[in-house]
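Peer 1: Mind folding the following:
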Amino acid sequence: MSTPPSWFIEEVDHSGSAIGFRVKRKLHEEQTPFQKIEIYETTDWGNLMALDGCIMLTTRDNFLYHEMMAHPALFSHSNPKRVVIIGGGDCGTLREVLRHREVEQAVQVEIDERVTRLAEQYFPELCEANADPRAQLLFEDGIAYMAAAAAESVDVVIVDSTDPVGPAEGLFNESFYQSCFKALRPGGILVQQSEPPLTQLALIKTMRQLMRQVGFAAVRTLPFPQPAYPTGWWSCTMARKGADLSGFRERGAHSKSFPTRYYSADVHKAALVLPEFMREALGE
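Peer 2: Model prediction:
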């Protein structure tokens, strides 16, 4: 008799749904001071990392998220020299940021060092830029880091966090957005993962309102596919200091000197056009 397949299942209360992946074996499990980390080898999606039971990434589809967290913001900025990534411990967003030659420094501030060390072991392709001399990996509280950041010292802040619960809860409030606004130079951009628009539209609306309250002149939400996350559809929200977000360096995106698997100038333009239900709810 053959052994029935084993599955990793994430149940999602807020959407009344679940997502699952067939797994061959568990590669690693540990409880850090911050969260439980599990890593599995799946049958069809490569390796899978989960934090506190929530799927963070798979080998097969992480490029969608990492490219959309990095490239729309960096191509929307005229000259992004200094980038700060809050979270992003798997280092995939850092890798995408450092594909941009104009970036002179990228600081990744991840609270849990074990996420990064396990990514280096089980997702080494995401950590290719960790040794880049422009990269600085810090393992500390991102909220405190941004609160202490010098005024007008950063061009782009990327908040690559887990869901707004537990260690990440403080990354979705007015105080944190105020810290980011202060640290950004004129024309600077904040971009934050903003959950699935199909089921978390109220959260996205609140995020956008708080970003505007602290002084950001323009806010845009960009949806994109993400099969490994609840509903299979995700979003990031960009906010800009002192300028709009209707355009981007389209010529630069068309002629980019590095490969991507999802992002392109045309995808960027398309992502700026929201579905009708989002336009109506968000007032665009």
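Peer 1: Please count neighbours and contacts with C-alpha atoms only from this point.
Peer 2: OK.
Peer 1: Which parts of the stretch 101-250 of the chain are helices?
Peer 2: Along the stretch 101-250 of the chain, the stretches classed as helices by DSSP state H, counting those that start in this stretch are 113-122, 142-148, 174-183, 201-213, 250-254.
Peer 1: Reformat these as CSV; add distance to Ser15.
Peer 2: Output for the helices of the stretch 101-250 of the chain, formatted as CSV (distance: least, CA to CA, whole Å):
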stretch, distance to Ser15
helix 113-122, 27
helix 142-148, 28
helix 174-183, 26
helix 201-213, 12
helix 250-254, 35
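Peer 1: okay, those helices, which one's buried deepest?
Peer 2: The highest average neighbour count among the helices of the stretch 101-250 of the chain, using mean count of other CA atoms under 10 Å, belongs to helix 174-183 at a mean of 21.
Peer 1: Which strands and helices lie in contact with it?
Peer 2: helix 142-148, helix 201-213 (3 or more CA pairs under 8 Å, 6 or more residues apart in numbering; DSSP states H and E).
Peer 1: For that helix, give me every contacting residue.
Peer 2: With contact meaning CA atoms under 8 Å, 6 or more residues apart in numbering, helix 174-183 is reached by 143, 146-147, 149-154, 157, 170-171, 190, 210-211, 213-216, 241.
Peer 1: Tabulate the helices and strands packed on helix 174-183 (CSV), appending distance to Ile39.
Peer 2: Below are the helices and strands packed on helix 174-183 laid out as CSV (distance: least, CA to CA, whole Å):
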stretch, distance to Ile39
helix 142-148, 24
helix 201-213, 29
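Peer 1: on that earlier part again, just put the helices of the stretch 101-250 of the chain in CSV and tack on distance to Ile37 and mean pLDDT.
Peer 2: Converted to CSV, the helices of the stretch 101-250 of the chain look like this (distance: least, CA to CA, whole Å; pLDDT from 0 to 100):
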stretch, distance to Ile37, mean pLDDT
helix 113-122, 8, 98
helix 142-148, 19, 96
helix 174-183, 26, 95
helix 201-213, 26, 94
helix 250-254, 36, 95
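Peer 1: nearest to Val23, of the helices and strands packed on helix 174-183?
Peer 2: Ranking the helices and strands packed on helix 174-183 by their distance to Val23 (criterion: CA to CA) puts helix 201-213 first, at 31.6 Å.
Peer 1: Let me know the angle separating the closest one from helix 174-183.
Peer 2: 40 degrees (axes from the mean of the first three to the mean of the last three CA atoms, to 10 degrees).
Peer 1: The contacts of helix 174-183, buried ones only, as a ChimeraX selection?
Peer 2: In ChimeraX syntax, the buried subset of these is picked out as below (16 or more other CA atoms under 10 Å):
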select :143,146,147,154,157,171,190,210,211,214,215,216,241
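Peer 1: I'm done for today, thanks for sticking with me.
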